[in-house]
Structure formats: structure tokens, C-alpha cells
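*Asks:* kindly return the folded structure for what I paste below:
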Amino acid sequence: GKKMHNTILASMMMMVMMMMMMMMVTTAMSQQTWSTTVPFWPHYPTRYVQVLDGNWSFGFVDKFDGDITSPNIDTSSISTPDSMEVPGVFDWAMPGILGIRGSAFYRTTVELTPGKTGLLYFSACSFYCHVFIDGVSLGDHRSGGYVPFSMEVPPATTSTREIFVIVDNQWNSTTAPVHTGGDFYMFGGITRNVLFHELPADIYLSRVEVTTMDYKTATVNINIFLSQPTTVSDTICLAWENQTKSDCFSASFINGLYSTTMKLTGYTLWSQSSPNLHLLSVSLGSQSEQIDEIMVRFGIRQAEVNADQRITINGDLVKLHGYNRHTMWPYTGSSSTLQQIVDDVDILVDLGINYVRGAHYPQDQRFLDICDEIGIVIWEEALGPDVSVTNIQDPYFMKYQIEQINEMIDASINHASILFYGFFNEGPSDSASACPGYKACAEAVHARNSTRFVTWASNQQLNDVCLDNADVVSFNAYPGWYFDIHNASSGGPYWQSTASIAHSKYQKAFLISETGAGGIFEWDNSTDVFWSLLFQEEVVTSEAIVAMGNEFISGFTIWHLFDFKADDSDTKTCGPCDYLPHVFPPTCGYIDANCGRPGGENHKGVVDLWRRPKTALYDDIKKIYTGPWA
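*Replies:* Okay, here's the model as predicted:
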């Protein structure tokens, strides 16, 4: 509502003032005290974990004199005279203006007990990330700037350890192979939370996975992973729902994995209307000699496709309806604050959605935690829009694509909200030559978790020849916008026809993964000309009404929740609009609508980049999403 948006704008103005103050800081920050409150699940009750969110020393060059992948870089010779907020982006610029691209250098220190091993966990580092500790290379990360990864820090005799990170945001098929393109701006930086664990032993608990196998009997599979692929017997203790009493037993780990199946008692199911969550603490070692502990949160729920090719959760038919959502805000780019995440969720909830497609990359764990808690279903996907057949046939690319999928699942497998895992947004799935790559990605997901649906957003639609590898069929199309242009009423009949054909042709559940139209926020005249808010409203509402009422359409996500900054090419070609002076949020006084992305933005949001609602469309979608169809 109006009150909610005023609150969001007020908090945004405060955030902008804080960001401007941070941008004025140019001197390196001294040693700081780090928080020990882990900002997302899982939790580590017995570990000392520091959250390295704050100001790091910073430097930048547009061209590094040397090889950024070399382990022999002398980090002491690289200057970091400024400071940069972590998480954050170092290349924010307004829509229509290119940000800087090059190599950035981050430096900070952290305390680690002498003789102890550490674990450095990056929630995201974009695009390429090379990590050093005390001047020694720990390794690099090339499987995408939106997925979490971790590196062990070897012990030392001193307690103060220096972390040095090279972050490169340049388009490079060697250092950033899965950054193949996409019509959104990709920012650079250490963009999500950084954690530093003091590890309890050489072998410790790596992760715990809980998967519902049968919701009727609350049968779950529990996978417990050690940090090394060793075969050993050790004591494991399980405690449910924060109970002090543990069930301890000897577990035989094979190649670092112990797997067991259990039937739970006293449980409640997770559903969209009742998103009940449960806790499991797993300890390594006996209660008197505990080595390590991980506490995970999970939901008991099972998603299936019924005989009518409709999606069910716990046997109940669901109609999924919502929006696609990028991670992008003014000034913070792809590095959202928790308040910004909450503000977006508030808008989604106010609109009446129950489903979000996380476009086009792995999602922030804090966002997924919130979705678990309030019952929003999620489609999560690996980065890889604009992938080509050449990419898919390249073993180097596929190596990091599969690595990215596994890292995504490592981080998010316990989120009850995730029903779909996707990849290759609008990829070349009309070519049989691409199908082996699609098959490899689908098999990678199924090997890790057979209870989630594999899908991809196909703009090849009925010409897609790889759909044998998908559990659910998902199509992107923009009738009235990219074809049958200027016909605002074409979307409804198009989707009615397409859904009917897909239902009979594929015998699988069908989703509309993208559809919509653009509307420039300032263009609020009373005629439905192209780019006007009225034309956007007519296109999108007609599609939403059909999607909500058609029994062959299991899910529907409009493109997009908010307007967002376009990619490098459109940013360079279109440039910014002419902003009105002394107006906040920034408002266009003139914009060239003849450019493909006017003002360097994709204007398909129901709110603008600053989260101001496009009122008529916003109110229409809210009525449709909260009406009798829902």
C-alpha cells in the first residue's frame, strides 16, 4: 500500500545518505571488531565464527600489470589506500552510465588462534575472486559471482592473519567463464556476507542435508558430510528442535559421508499457508567430548506433479503466481542490505504473490531464509543467460557450470521454499547439439537432490528439443511486446493456446517463467502508446488474468518486480535519461524512448528502480493475485 511505499522511500533516503558518506571515505580503516552473529542458516553453536562485514582496505586498477590468476603475486606490493564496504559493489553507477571494470584489491585482518585452521566463506564474490592469506594464495573461484564458496586457511604461529582478495569484474571466458552475458548489469565486488570460522579439528563437519522423502510419514533422509573424504567410524549425536537431550550413536562414514533415513514424530508440515520449520543439531563426537556441531533448519514438505500435470505440495494443488526478481538496488547494486531484502519482500507480500523466480543466478541466503519463514516458493537457478552452443560444448565452461550448480545446492538444499532448480536462461535448447549440456546439468541436480524439479526458462518454446531432460516445462515469451507488437490484447490468447499445446505435447507441468511489457515510470499519459504505463498495464493484466484462470498453467511469474539497470551494451548505447534537477528519487524529465533500453534501464517492473509503484498496474496485479483465482 501507499504507507508501505512511503516507509520504503524514507529508509531508502537514509540508506543513500549513508552510502554517500561511505563513498567519501578515502583512508584505509584500522583493525575493527567483527560481529559473531551468523546472518543466515545454518548455525554453528560450538564454533567461533566472525562475520567480516564492514570496511576493508581497498584499491583498484583498470588494468593489472601481471596475471591475476598467478599464485606468485606479491600482495605486499599492491596498494590499498582507500576503503570499501563489504558486502558491497565497487562499480555502482546510475542507469545509462557504465561502471568501472578492472581489478579490485581488498585487504583486512582477522584473529585466529595460533595452531588452529580457519575456514573463509564468501557468500558471493563477483566476477572472479583470488584469495590470499598472509601473502600466500589459497586459490581462486571461477564458477560465478553469485554463488557461495569456501577455502581453508592453514594454521600459523601468529594470531593476526591478513586476508587479501583480488576481485575482477571484467568479461573474460577464462577467469569468469559462466558470465556469458544477460540483459542486466553485472556488478563487481565482494557482494554478500563473508564468514571466518575457527575450525575445531583437522576433520570437522562440512554440511548437513535434510530431505523429505515422504511427507505422509515424515520420512526424511539425512546426509552428514565430513570435511575430508575419509572412511571412518565416529560418534554422531542428533538433537531436534533445540532439545538438550541428544540421540548418540556410532556412524560409519564412507568417503566422508554418513547417510540415514528416519521417520520423525511430533512434526508439522511446511506449506505456503503454514510454513512450519524444524531444527536439527548434528554433533561430531560424544556429548562429553564434542568436536563440532552444525544446526540446520528445514521444512517437511513434498512437491509432486499429479496425474493432471499440476504441481502439488503435500498432495494439495497449488497455483503459483508471482514475479521474477533480480538482486539490484540503487547505490548498492547487486549487494543488498538486509533492509533492502525485507523491503522487496514487503512489496511481494503486499502484491499477494506466493512464488518468486530468482533471476538469473543463485540467491542470497538471507532472502531464502525469509521465504522459508513466510511460505514463498522459490525457483533458484545457476548463472548462465545468453549461453551458446559453443559454450555448452566447451569442457572448460561445463566444468565450472557443474561446479556452480553443486555450490548452489550445497548452500540452499535445506531451504523448504525451493521447489525448482534451473539453468541456461533463454539458452540454445532449439539445437540438438546443446542437449547433452542440458542433460549434464539436469543429472547434476538430480544426483544431489531428486525432490526438486529441474527446469529452465526456454524462449525456444515449442521448438525446444531438449525438454526430455526437464521435470517441468517453462516458457518465456512477450506477446504484444517483442512480437505481435503494439497489440496489448494478444498475450491472453497466446498463452491460452500455448498452455493447451504444451499440456498435450509434453505431459508435464507447465510454467510461464517470463512475460510482460515495459512501461516508463514517468510516462503516465492517458493513451496506451508503446512504453506508456497504460500500455504496460493492458498487456500484463490481460496475461495475468488468463494465467491465473487456466488450469494447464501451474505457475506464472511476471517479468519483472522492479525496473533495473541494463547490461553494458544497452548502457553504452542508450545512456541515461535527463534527470530533473534537485528531485529525489531521481526522476526523468526527458528520456529517449527510441532506444531499446531507454535511459539504460529495463522498464518492465511493477515498481521502478527506486521502488515507486506504477500505481494502476500495481493495483491491478494485487487484485488479480489476491482474487478468486488465487
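
*Asks:* how about the spatially most central residue of the chain: what's its closest non-neighbour residue?
*Replies:* Central residue of the chain (CA atoms, centre = their mean): Q363, 1.5 Å from the mean position. In space, not counting the residues next to it along the chain, Q363 is nearest to E380; the distance is 5.4 Å by CB to CB, 6 or more residues apart in numbering. Every residue, glycine included, has its C-beta placed from N, CA and C.

*Asks:* residues making contact with the strand or helix carrying the one you found?
*Replies:* Taking DSSP states H and E as the definition, E380 sits inside strand 377-381. Residues outside strand 377-381 that contact it (CB atoms under 8 Å, 6 or more residues apart in numbering) are 272, 313, 318, 320, 322, 354-363, 368, 371, 408, 412, 415, 417-423, 425, 455-457, 513, 557.

*Asks:* those in strands, which ones?
*Replies:* Residues from the contacts of strand 377-381 lying in strands, with DSSP state E as the criterion: 313, 320, 322, 355-358, 418-422, 455, 457, 513, 557.

*Asks:* among those, who's most crowded?
*Replies:* R357 (31 neighbours; other CB atoms under 10 Å).

*Asks:* wait, doesn't it sit right on G322?
*Replies:* Yes - using CB atoms under 8 Å, R357 makes contact with G322 at a distance of 7.3 Å.

*Asks:* between these two, which contacts overlap?
*Replies:* T557.

*Asks:* for whichever strand or helix holds I621, buried residues please.
*Replies:* Assigned by DSSP H and E, I621 falls within helix 615-625. For helix 615-625, burial by neighbour count (16 or more other CB atoms under 10 Å) applies to A616, L617, Y618, D619, D620, I621, K622, I624, Y625.

*Asks:* can you give me the strands in the stretch 451-600 of the chain?
*Replies:* 453-455, 457-458, 473-476, 510-514, 555-558, 564-565, 578-579, 588-590 (DSSP state E, counting those that start in this stretch).

*Asks:* mind putting the ones you listed in a markdown table, mean pLDDT and distance to F196 included?
*Replies:* Putting those into a markdown table (pLDDT from 0 to 100; distance: least, CB to CB, whole Å) gives the following:
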| stretch | mean pLDDT | distance to F196 |
| --- | --- | --- |
| strand 453-455 | 98 | 34 |
| strand 457-458 | 98 | 36 |
| strand 473-476 | 98 | 39 |
| strand 510-514 | 98 | 38 |
| strand 555-558 | 98 | 36 |
| strand 564-565 | 98 | 32 |
| strand 578-579 | 98 | 41 |
| strand 588-590 | 97 | 44 |
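
*Asks:* so which of those comes closest to A444?
*Replies:* Nearest to A444, of all the strands of the stretch 451-600 of the chain, is strand 453-455, at 9.3 Å by CB to CB.

*Asks:* show me what that closest one is packed against.
*Replies:* Counting contacts by 3 or more CB pairs under 8 Å, 6 or more residues apart in numbering; DSSP states H and E, strand 453-455 is packed against strand 418-422, helix 435-448.

*Asks:* quick one: strands adjacent to it?
*Replies:* Using DSSP bridges, the strands paired with strand 453-455 are strand 418-422 (parallel).

*Asks:* in TSV, list the strands of the stretch 451-600 of the chain along with distance to Y482.
*Replies:* Formatted as TSV, the strands of the stretch 451-600 of the chain follow (distance: least, CB to CB, whole Å):
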stretch	distance to Y482
strand 453-455	21
strand 457-458	14
strand 473-476	10
strand 510-514	11
strand 555-558	15
strand 564-565	18
strand 578-579	27
strand 588-590	23
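
*Asks:* list the contacts for T587?
*Replies:* T587 sits next to F521, E522, Y579, L580 when contact means CB under 8 Å, 6+ apart.

*Asks:* got those as JSON lines, with neighbour count and distance to V342 columns?
*Replies:* Listed next are the contacts of T587 as JSON lines, based on neighbours: other CB atoms under 10 Å; distance: CB to CB, whole Å:
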{"residue": "F521", "neighbour count": "22", "distance to V342": "23"}
{"residue": "E522", "neighbour count": "16", "distance to V342": "27"}
{"residue": "Y579", "neighbour count": "17", "distance to V342": "28"}
{"residue": "L580", "neighbour count": "13", "distance to V342": "29"}
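
*Asks:* ok, these vs S250, which is closest?
*Replies:* Closest approach between the contacts of T587 and S250, by CB to CB: F521, at 63.0 Å.

*Asks:* who's in contact with E543?
*Replies:* P479, G491, G492, W495, I512, T515, G516, I558.

*Asks:* show me the helices in the chain, by range?
*Replies:* Taking DSSP state H as the test, the helices found in the chain are 2-23, 338-351, 365-374, 389-392, 395-412, 435-448, 491-506, 533-549, 568-574, 615-625.

*Asks:* nearest to E304, out of these?
*Replies:* helix 435-448 (15.1 Å).

*Asks:* tell me what that closest one is packed against?
*Replies:* Using 3+ CB pairs under 8 Å, 6+ apart, the elements in contact with helix 435-448 are helix 389-392, helix 395-412, strand 453-455.

*Asks:* what about 10 Å?
*Replies:* Other helices and strands packing on helix 435-448, by 3 or more CB pairs under 10 Å, 6 or more residues apart in numbering; DSSP states H and E, are helix 389-392, helix 395-412, strand 418-422, strand 453-455.

*Asks:* quick one: work out the angle between it and helix 395-412.
*Replies:* Angle between the axes of helix 435-448 and helix 395-412 is 30 degrees (criterion: axes from the mean of the first three to the mean of the last three CA atoms, to 10 degrees).

*Asks:* quick check, distance from helix 435-448 to the centre of its chain.
*Replies:* Distance of helix 435-448 from the chain centroid (CA atoms, centre = their mean, to the nearest Å) equals 20 Å.

*Asks:* pull out the buried positions in stretch 438-453.
*Replies:* Neighbour-count burial for stretch 438-453 [16+ other CB under 10 Å]: Y438, A440, C441, A442, A444, V445, R448, N449, T451, R452, F453.

*Asks:* hmm, back to that, can you tell me which of the ones in strands among the contacts of strand 377-381 lies nearest to F58?
*Replies:* Within the ones in strands among the contacts of strand 377-381, proximity to F58 (CB to CB) peaks at G358, which comes in at 28.8 Å.

*Asks:* mind listing what P71 touches?
*Replies:* H130, F132, V136, S137, L138, G139, D140 (CB atoms under 10 Å, 6 or more residues apart in numbering).

*Asks:* now, the most widely separated pair of those?
*Replies:* Taking CB to CB as the measure, these span a maximum distance of 13.2 Å, between V136 and D140.

*Asks:* okay, now the unreliable bits of this structure?
*Replies:* Regions of the chain meeting the criterion pLDDT under 70 cover residues 1-31, 629-630.

*Asks:* make it 50
*Replies:* When residues are selected by pLDDT under 50, those of the chain lie in 2-3, 6, 8-30.

*Asks:* what sits against the residue nearest to I501 when sequence neighbours are not counted?
*Replies:* Spatially, and ignoring its direct neighbours in sequence, I501 is nearest to L462 (6.4 Å; CB to CB, 6+ apart). Contacts for L462 (CB under 10 Å, 6+ apart) come out as D430, V473, F475, T498, I501, A502, K505, Y506.

*Asks:* for T327, see how far away G54 is.
*Replies:* G54 sits 21 Å away from T327, going by CB to CB, to the nearest Å.
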